[in-house]
Structures are given as structure tokens and as C-alpha cells.
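Colleague: quick check, what structure comes out for this input:
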Amino acid sequence: MISRRTLAAAAFAFGISALALAAPATAQTKWNLPGAYPSDNPHTENLVAFSKDVEAATSGKLIITIHPGASLFKAPEIKRAVQSGQAQMGEVLLSIHENEDPLFGIDVVPFLATSFADSMKLYKASKPAVEKKLAAQGLQLLFMVPWAPQGVYAKKELNTIEDMKGLKWRSYNVGTARLGELLGMQSVTIQAAELPQALATGVVNSFMSSGGTGYDSKVWESLTHFYDVQAWIPKDATFVNKAAFEALDKPTQEAILKAAATAEARGWKAWEDKTNWYLDQLKAKGLKILQPTPALTAGFKKAGETLTADWLKKAGTDGQAIVDSYKKM
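Modeller: From the prediction side, this is the model:
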């Protein structure tokens, strides 16, 4: 015969089990973050580290999957995808959206900020305005990370600006397209993920970018020269859909913001550390790494003045105020 004590113990155990089954499991949120660059690019590596930091800080409550190499959305589509909620986060070269607002192209105003130190000053001067513009589009800026200073790749020797006339020029934003126009080149809009094929098939035979992009694109297989013009230092922006962010609980929001601050500092250091490394790798692969001649430099400076005037005209008083603030730092 079963004793009352045994029955009571069994009932208690059954009750505990029932409660355990009824209690909801810890909710896990899964987000997507599309990026435009290969897995081994410092920008993508930084995003992966950011994702891991968020996962660790939230004890797995928020999982962010990184989609490199424009595999989920093409670079020009990423920002709109995050705005519309097709992805919760995204990273993109902000200057490719200069047509939306001139302030998105402030870091590619020629020869305005050509060192990492100056680029950081320009970032600090422009960040509040950029944040405001993105917020009006339903996005919250999390962090921005630079590329290396931009130089010119070509398949021939460039001694003067006239030597660039007729080249098939890859453009990726308003500034590079306008530069191609000013210098009499055939400008073709090509984003980073499409560049290796465009080079291999001869769609383009010249472009302006960093050592990192040249390395990612295996530029040595198609082109021969790199001129370290250091025209500007563009930056990638990582942002989040504002509504999705605000739907998270406060601790998760704080975890994202903390990881974002860490990612920004880590990203800046990575590019400062790897700038010369990339140029060394390109040189080792047979590319000629050269300083521009005085005549070539003068030609770029003159074209840069035209581009700067164009930008200031479009950006108006807001743009001028940022430039003035930057120059006072």
C-alpha cells in the first residue's frame, strides 16, 4: 500500500514538473547584419567581433548573423533594407548615399581630411548632423570605421593628370564619378563585391580606393600601378533599425551600444595598423607602389578644388558649419 507521504511527494514532484513545462524558455532574438566586403576584410572581421560581443553580453539573448560580401543585399541596397526592416542592422560605405544628402559624403571631400587623426576630427565634427539625418530615416548610427587613405590604381604610368584621359574608371560614389567626368575618363559605377570581375573582364582599368580594396580584389592580376595620392579617408557606417532597437529591453540596448563603442575603437586601430601592411602585400605581388609626381599631385589638387566647391554648394550652411568646426579642432 502506498503511504500518504509517498503520494504527497509524488504530487509535489508532478507539480514542479508541470510548472517547469509551463514556464516559457528564455526568448532568443535573431538579427541579420548584411555587409559589403569579404570575410577577411577588417570591416567584416570587426562586425563578427561586434556580434560576438553582443552575444556574450546578452548571454545569447540576441544573436546577430553577419552576411559578408554583399551576399544578402548588394551594397547600395543595404541601407534601404535596414530602413524597411528587411534586415535589422547593416554596414555600408556611407558616401555611396551622397545623392540622398550631401552630408553623407563629407568624408570624401577631396584633401579635407587625409590622415587618420584628421579623419577622426572630421568624424567628431560631423557625427551629430549625420546621426540626425539617419534618425530621420528610421536608423540609429552605432559606429563608423574608416578605410585607409585613397590612392589611384591604373594599368599604366601616370605622370600628369592628362595621362588619365580615356581610362575606364570605376566609380562608387558621387565624388569618384564626378572626378572621372572632370578628368575625361569613362566612368562606370561598380561596388566592391563586383570589382574583381570588372577588373578581370576589362570593364574598368583604373580606380581610386584603399590598399584594402586592392588586396581584396587581387588587383595585381589586372593592373600594374598604385599612386598613393591620399585623396580622402572614407568611412563605413554601421546602423540599426530604430524601431527594432527601441523594441529591445534596456539591458540589451546597453549591450549593443557598449559593443558598438568597442567596435569603433577596434576598427580605427585595425585600419591604422593594416594600411602599410596592405601596400606591402600589393608590392610583394608585383604592383608598383609609387608616390604621385608633383604634376600629378597638382592636377588632383585642382580637380579636388572643383569637387569641394561642388560639395559645399550642395551642402549649404550646414556643410560649411561642419567644415568650419572641423578646421577649428
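Colleague: helices along the protein, start to end?
Modeller: 4-22, 42-57, 75-83, 116-136, 174-182, 195-200, 211-216, 242-246, 250-284, 294-328 (DSSP state H).
Colleague: and the fourth one with helix 75-83, angle?
Modeller: Counting by axes from the mean of the first three to the mean of the last three CA atoms, to 10 degrees, helix 116-136 points 50 degrees away from the direction of helix 75-83.
Colleague: now the angle from helix 116-136 to helix 294-328?
Modeller: Going by the same axes, to 10 degrees, helix 116-136 makes 60 degrees with helix 294-328.
Colleague: elements contacting helix 116-136?
Modeller: strand 139-146, strand 235-241, helix 250-284, helix 294-328 (3 or more CB pairs under 8 Å, 6 or more residues apart in numbering; DSSP states H and E). To be clear about C-beta, it is placed using only N, CA and C from the backbone, and glycine gets the same treatment.
Colleague: avg pLDDT for the last one?
Modeller: In this case it means helix 294-328. If you average the pLDDT over helix 294-328, you get 95.
Colleague: what does stretch 314-327 contact?
Modeller: With contact meaning CB atoms under 8 Å, 6 or more residues apart in numbering, stretch 314-327 is reached by 102-103, 106, 109, 112-113, 121-122, 125-126, 129, 311-312.
Colleague: returning to what we had before: which one, of the helices and strands packed on helix 116-136, ends up nearest to residue 218?
Modeller: Nearest to residue 218, of all these, is helix 250-284, at 9.9 Å by CB to CB.
Colleague: shaky segments in the chain?
Modeller: Applying pLDDT under 70 to the chain picks out residues 1-26.
Colleague: next, the contact list for the most centrally placed residue in it, please.
Modeller: When CA atoms, centre = their mean is applied to the chain, the residue found nearest the centroid is residue 236 (2.3 Å). By CB under 8 Å, 6+ apart, the contact list for residue 236 reads 43, 91-94, 144-147.
Colleague: again, 6 Å this time
Modeller: 43, 91, 93, 145 (CB atoms under 6 Å, 6 or more residues apart in numbering).
Colleague: quick check: it vs residue 212, distance?
Modeller: Shown here: residue 236 relative to residue 212, a distance of 11 Å by CB to CB, to the nearest Å.
Colleague: overlap in contacts of the two?
Modeller: With CB under 6 Å, 6+ apart as the test, residue 236 and residue 212 reach no residue in common.
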